[in-house]
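Enquirer: No sequence on hand, only this structure:
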């Protein structure tokens, strides 16, 4: 969705959304529920109102668009739903399809839209070396590559070998029991020992750098034990390595308590990578580093960027940063995100297949399991059906995790508590439907 920002409005006229309308026609919401909800009474949460009326879709027919997509674009196996959405227009936290149906966007174009779709008032690429950094099997190459990239065990306190109820920086802790004191995490010490083992056996004596997300996104909103990154950074620097914090998904206030994810770990990285939220949909990214490291790049003849620092991107990035500040979106992420985490945790207590609810601010994961005792992932086909049911009721969420077992929730930071209530009720209804199917 195109960002319309005040910095560019006069000169560039980038705004693509239609004017604001004081009130939404009541018939729009009713028509939506009539057309897509043919389920039991308990599956009809009331959608919150929206004061925006989308323009009428007047382009190609749905089947024609699908035909063009299948014929000319990348194989559509990456489509998120069995029947892909043809999205026509967006407004803040809402999306509208070609038929005028309204959806609450709880995934933000894979955590890209921070301040809202069409607000008024970059991926890592596919090189073998960069792909060598991922530990998610779906994204790995068919053949090995990127010599020199080594992975360490993910310190996942829910699915990993160690972890318990005092480990992570979140309003909601895992239900695994542990004997840790609130200010002393034994799981952290065990994962650090494993990290030391990796450094001693799997990597060279000297290290170029250590890449880490403050909270893992695509892996399923995985949070580390408190204090883990601080000790890990120290061990890396002792071997001459630099520490790189990937803030593509965790930055710009989304975590609520801090503007940057690394701040939640009480560390200062040597390099920070930024993208997605910095442009609110406009393709841009940035790298922030120390003067010393920046000077070293001058020795490399081919270190350049064709489009780096162009005025349009800079103006858009500046406008996004201003909106985050002026509209108190970091504070909203903290308040509404904490509220949502606590509400979703009730579903974990209610349903055996909800194994874990975790996260911080508006970066939340719901991990689905066969049962809480085994913590075995819920089969992908069952997760997909729940995912589809949410869509049919007007809620769009993401899926992620090593086994595609985790629902990933990262809505625009302008989300409200009534919209959270709607989303939680939709998710509860989808879980009830799933349990009813299993009982038949």
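Expert: Done, it's in. For clarity, every value in this text was computed on a predicted model and none was experimentally measured. Numbers count the residues shown, from 1 in each chain.
Enquirer: CA atoms for contacts and neighbours, from now on please.
Expert: Noted.
Enquirer: what's the neighbour count on residue 148?
Expert: Look at residue 148: counted by other Cα atoms under 10 Å, it has 14 neighbours.
Enquirer: separation between it and residue 243?
Expert: 16 Å (Cα to Cα, to the nearest Å).
Enquirer: Three-state assignment for residue 358, please.
Expert: When classified by DSSP: H, G, I helix; E, B strand; the rest coil, residue 358 comes out as strand.
Enquirer: give the contact list for it.
Expert: Neighbour list for residue 358: 170, 171, 172, 173, 174, 221, 222, 223, 341, 364, 365, 366 [criterion: Cα atoms under 8 Å, 6 or more residues apart in numbering].
Enquirer: for those, which one is nearest residue 115?
Expert: Nearest to residue 115, judged by Cα to Cα, of the contacts of residue 358 is residue 364 at 17.3 Å.
Enquirer: that older thread, among the contacts of residue 358, name the ones in strands.
Expert: If you go by DSSP state E, the contacts of residue 358 have 364, 365, 366 in strands.
Enquirer: Mind putting the residues you listed into CSV with distance to residue 423?
Expert: Shown next, in CSV, are these (distance: Cα to Cα, whole Å):
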residue, distance to residue 423
364, 13
365, 14
366, 13
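Enquirer: ok, of these, which come out buried?
Expert: With burial judged by 16 or more other Cα atoms under 10 Å, the buried subset of the ones in strands among the contacts of residue 358 is 364, 365, 366.
Enquirer: Closest to residue 382 out of those residues?
Expert: Comparing those against residue 382 with Cα to Cα places residue 366 closest, at 14.2 Å.
Enquirer: how close does that closest one get to residue 221?
Expert: Separation of residue 366 from residue 221 (Cα to Cα): 8 Å.
Enquirer: Residue 103 too?
Expert: For residue 103, the distance to residue 221 - Cα to Cα - is 23 Å.
Enquirer: Which of those two has more residues huddled nearby?
Expert: residue 221 (28 against 22).
Enquirer: For that one, give its distance to residue 414.
Expert: Counting by Cα to Cα, the separation of residue 221 from residue 414 is 20 Å.
Enquirer: for the contacts of residue 358, which one is nearest residue 306?
Expert: Nearest member of these to residue 306, counting by Cα to Cα, is residue 221, at 33.4 Å.
Enquirer: which ones are touching that closest one?
Expert: Residues counted as contacts of residue 221 (Cα under 8 Å, 6+ apart) are 215, 358, 359, 363, 364, 365, 408.
Enquirer: Mind picking the two most distant members of these?
Expert: For these, the farthest-apart pair by Cα to Cα is 215 and 408; their separation is 12.2 Å.
Enquirer: those helices in the protein, which residues are they?
Expert: Secondary structure of the chain (DSSP state H): helices at 6-12, 26-36, 62-72, 108-111, 128-131, 186-201, 228-238, 291-296, 311-326, 329-350, 380-392, 417-439.
Enquirer: out of the ones you listed, deepest packed?
Expert: Most buried of these, by mean neighbour count (mean count of other Cα atoms under 10 Å): helix 108-111, with a mean of 23.
Enquirer: what does that one contact?
Expert: Helix 108-111 has contacts (Cα under 8 Å, 6+ apart) with 114, 249, 276, 277, 398, 410, 411, 412.
Enquirer: Give me the nearest residue to the last one, chain neighbours excluded.
Expert: This points to residue 412. Leaving aside its chain neighbours, residue 412 sits nearest to residue 114 (4.7 Å; criterion: Cα to Cα, 6 or more residues apart in numbering).
Enquirer: Quick check: the one you found touching residue 280?
Expert: Yes: Residue 114 lies in contact with residue 280 (Cα atoms under 8 Å); the separation is 5.7 Å.
Enquirer: Quick one: low-confidence residue ranges for the stretch 101-250 of the chain.
Expert: Of all residues in the stretch 101-250 of the chain, those with pLDDT under 70 make up the ranges 120, 122-132, 137-147, 182.
Enquirer: coming back round to it: between the ones in strands among the contacts of residue 358, which is closest to residue 44?
Expert: residue 366 (21.4 Å).
Enquirer: Would you confirm that that closest one contacts residue 408?
Expert: Yes: using Cα under 8 Å, residue 366 is in contact with residue 408, at 6.7 Å.
Enquirer: Report the buried residues of stretch 262-275.
Expert: For stretch 262-275, the neighbour count (16+ other Cα under 10 Å) marks 262, 264, 265, 267, 269, 270, 271, 272, 273, 274, 275 as buried.
Enquirer: err, stretch 49-58, not the other one
Expert: 50, 52, 53, 54.
Enquirer: Over to stretch 177-185?
Expert: Judged by neighbour count (16+ other Cα under 10 Å), stretch 177-185 contains these buried residues: 178, 185.
Enquirer: burial count for residue 440?
Expert: Neighbourhood size, residue 440 [other Cα under 10 Å]: 5.
Enquirer: And it, how close does it get to residue 285?
Expert: According to Cα to Cα, residue 440 and residue 285 sit 50 Å apart.
Enquirer: can you check residue 410 too?
Expert: According to Cα to Cα, residue 410 and residue 285 sit 19 Å apart.
Enquirer: Comparing these two, which residue is more hemmed in?
Expert: residue 410 (29 against 20).
Enquirer: so where is the stretch 251-400 of the chain shaky, pLDDT-wise?
Expert: Filtered on pLDDT under 70, the stretch 251-400 of the chain yields the residue ranges 300-304.
Enquirer: thinking again about what came up before, can you tell me which of the contacts of residue 221 lies closest to residue 180?
Expert: Among these, residue 358 lies closest to residue 180 (Cα to Cα), at 18.8 Å.
Enquirer: No further queries at this time; thank you.
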